[in-house]
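Visitor: I would like the atomic coordinates for the input below:
(one chain, ligands or ions: 1)
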Amino acid sequence: MGMMSKMFEVPRIHCDGCERTVRGAVSALPGVGKVEPSHLTKKVLVEFDPTSVDEERIREALRAAGYPAN
Ligand SMILES: [Cu+2]
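Guide: Predicted coordinates:
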């Protein structure tokens, strides 16, 4: 199975620093590929291998970093 991508809405992303924090937190998960946060859209695009990680695990990582997704 290939990579999947999912868009998360994360209202607390306000600046470049938030983007770096979010990218670091989500990228640390095994099975996660590209992570593209945007403080302009308040969204994060995440590419992941669904055999290694799932949406709930990504949501947990966002929550733990202080950036809960809607
Ligand atoms: Cu910020």
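
Visitor: C-alpha only now, for contacts and for neighbours.
Guide: Will do.

Visitor: tell me which parts of the protein are close to the ion?
Guide: Counting by Cα under 5 Å from the ion, the chain comes close to the ion at 14, 15, 17, 18.

Visitor: Run through the bridge partners of residue 4.
Guide: Taking DSSP bridges as the rule, residue 4 bridges to residue 48.

Visitor: Sorry, slip of the keys, the one I care about is residue 36.
Guide: residue 45.

Visitor: Isn't residue 38 up against residue 22?
Guide: No: if you go by Cα atoms under 8 Å, residue 38 and residue 22 don't touch, sitting 9.8 Å apart.

Visitor: More neighbours: the two, which one.
Guide: Taking other Cα atoms under 10 Å, residue 38 and residue 22 do not tie; residue 22 has more neighbours (24 against 20).

Visitor: ok, and the most crowded of the residues of the chain next to the ion?
Guide: In terms of neighbours by other Cα under 10 Å, these top out with residue 18 at 18 neighbours.

Visitor: packing partners for the helix or strand where that residue lies?
Guide: Assigned by DSSP states H and E, residue 18 falls within helix 16-27. Applying 3 or more Cα pairs under 8 Å, 6 or more residues apart in numbering; DSSP states H and E, we find helix 16-27 packed against strand 32-38, helix 55-64.

Visitor: So which of these has the densest surroundings on average?
Guide: For the helices and strands packed on helix 16-27, the largest average neighbour count (mean count of other Cα atoms under 10 Å) is found in strand 32-38, namely a mean of 19.

Visitor: Could you name the helices and strands sitting against that strand?
Guide: helix 16-27, strand 43-48.

Visitor: Next one: residue 4 from the ion, what distance?
Guide: From residue 4 across to the ion, the span is 27 Å (Cα to the ion, to the nearest Å).
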